[in-house]
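> have a look at this prediction, sequence included:
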Amino acid sequence: MGPLDSALGVSPQVLALRAKRTELLSANIANTNTPGYKARDIDFAAAMKNATGVQQAMTRTNDLHLNASGGMGADAELLYRIPSQPSLDGNTVESQREHAQFMDNAIRYQASLGFLDGRIKSLRTAIRGQV
């Protein structure tokens, strides 16, 4: 991890995961009336632990082994949502729940952008030598 990564903290990983979750929730909302569609989501807390490297990292002992790095959340585990009221056509999307999750995620995305913006401004101030 370089100095810029440590200065920005977890904000880039949070934004990447929030963007991925926005895509999933949007797909769920778009497929509200699609028979047999299964609503998908991610476990945000588990994905953050994976993206920030909180879990013990795996090491490659041979050049032929695959790299198992977590990355920026692009490979977060996709989960199926369990509906509280299953529909007869097999669709598991509950539109009110999806809209609420989408709005919650959008608000948290905006807050994360605000935090990142504040960190960038403070770095800019430090680089310029201003008080």
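Looks like it arrived, so ask away.
> low pLDDT regions in this protein?
Where the chain drops to pLDDT under 70, the residues are 1-5, 53-75, 131.
> can you pull out the strands in this protein?
40-42, 78-80 (DSSP state E).
> need the winner for burial among those.
strand 40-42 (a mean of 18; mean count of other C-beta atoms under 10 Å). Any C-beta I mention is one placed from the backbone N, CA and C, and that applies to glycine too.
> just to revisit the earlier point, distance to residue 108 added to the strands of the chain, as TSV?
Below are the strands of the chain laid out as TSV (distance: least, C-beta to C-beta, whole Å):
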stretch	distance to residue 108
strand 40-42	13
strand 78-80	18
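> distance of residue 124 relative to residue 118?
Distance of residue 124 to residue 118, given as C-beta to C-beta, to the nearest Å: 11 Å.
> surely residue 95 touches residue 33?
No - the criterion here is C-beta atoms under 8 Å, and residue 95 misses it with residue 33 at 9.2 Å.
> so which bits of stretch 88-102 are buried?
Going by neighbour count (16 or more other C-beta atoms under 10 Å), the buried part of stretch 88-102 is 91-94, 98, 101-102.
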